[in-house]
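Asker: Predicted model, plus sequence, below.
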Amino acid sequence: MSHQEEGAAFGAALRALAMLEETEPTSLLKEHLDRDSNRCCKPDPSTVIFYDEAYFQYRQSVEQIASIYRN
């Protein structure tokens with residue numbers, strides 16, 4: 001999260017600036033965005049395995065159901 005409230009419009013302006021300056025947009029981010037630590041949340045690395053397994057099970061379920069409708 002950043003302090004800027006403009007959101008998408010600000011992002012579009014940064015993309016346009018990157019094109020004009022022929023630079024990578026990521027280099028402009030550090031220069032033009034300020035991190036708002038009060039509104040940020042950091043992912044919990046310990047949940048990665050849980051979500052990987054849940055997504056794997058979901059994909060298996062989708063494949064099983066899709067196979068019913070393919071036949």
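Answerer: Ah, there it is. Worth saying up front: this structure is predicted, and the values here are computed from it rather than measured.

Asker: Looks to me like residue 55 is in a strand.
Answerer: No. Counting by DSSP: H, G, I helix; E, B strand; the rest coil, residue 55 is not part of a strand but helix.

Asker: Which pLDDT value belongs to it?
Answerer: pLDDT for residue 55: 97.

Asker: Listing request: residues of the protein with sub-threshold pLDDT.
Answerer: Low-confidence segments of the chain, defined by pLDDT under 70: 1-6, 71.

Asker: again, 90 this time
Answerer: Counting by pLDDT under 90, the chain contains low-confidence ranges at 1-11, 13-14, 23-46, 48, 69-71.

Asker: Please list the outside residues in contact with whatever helix or strand residue 69 lives in.
Answerer: Here residue 69, judged by DSSP states H and E, is contained in helix 48-70. Outside helix 48-70, not one residue touches it by CB atoms under 8 Å, 6 or more residues apart in numbering. All C-beta spots, glycine's among them, are computed from the backbone N, C-alpha and C.

Asker: Which strand or helix spans residue 15?
Answerer: Counting by DSSP H and E, residue 15 is part of helix 8-21.

Asker: ok now the helix or strand just after that helix, how far from the chain's centre?
Answerer: Downstream of helix 8-21, the next assigned helix or strand under DSSP H and E is helix 25-32. Relative to the centre of its chain, helix 25-32 is centred 16 Å away, using CA atoms, centre = their mean, to the nearest Å.

Asker: What residues of helix 25-32 count as buried?
Answerer: Of the residues in helix 25-32, residue 28 count as buried by neighbour count, 16 or more other CB atoms under 10 Å.

Asker: And the contacts of that helix?
Answerer: Helix 25-32 is contacted from outside by 14, 15, 17, 18, 21, using CB under 8 Å, 6+ apart.

Asker: switch to 7 Å and redo it
Answerer: Applying CB atoms under 7 Å, 6 or more residues apart in numbering, the external contacts of helix 25-32 come out as 14, 15, 17, 18.

Asker: Narrow the residues you listed to those that are buried.
Answerer: When these are checked for burial by 16+ other CB under 10 Å, the buried set is 14, 18.
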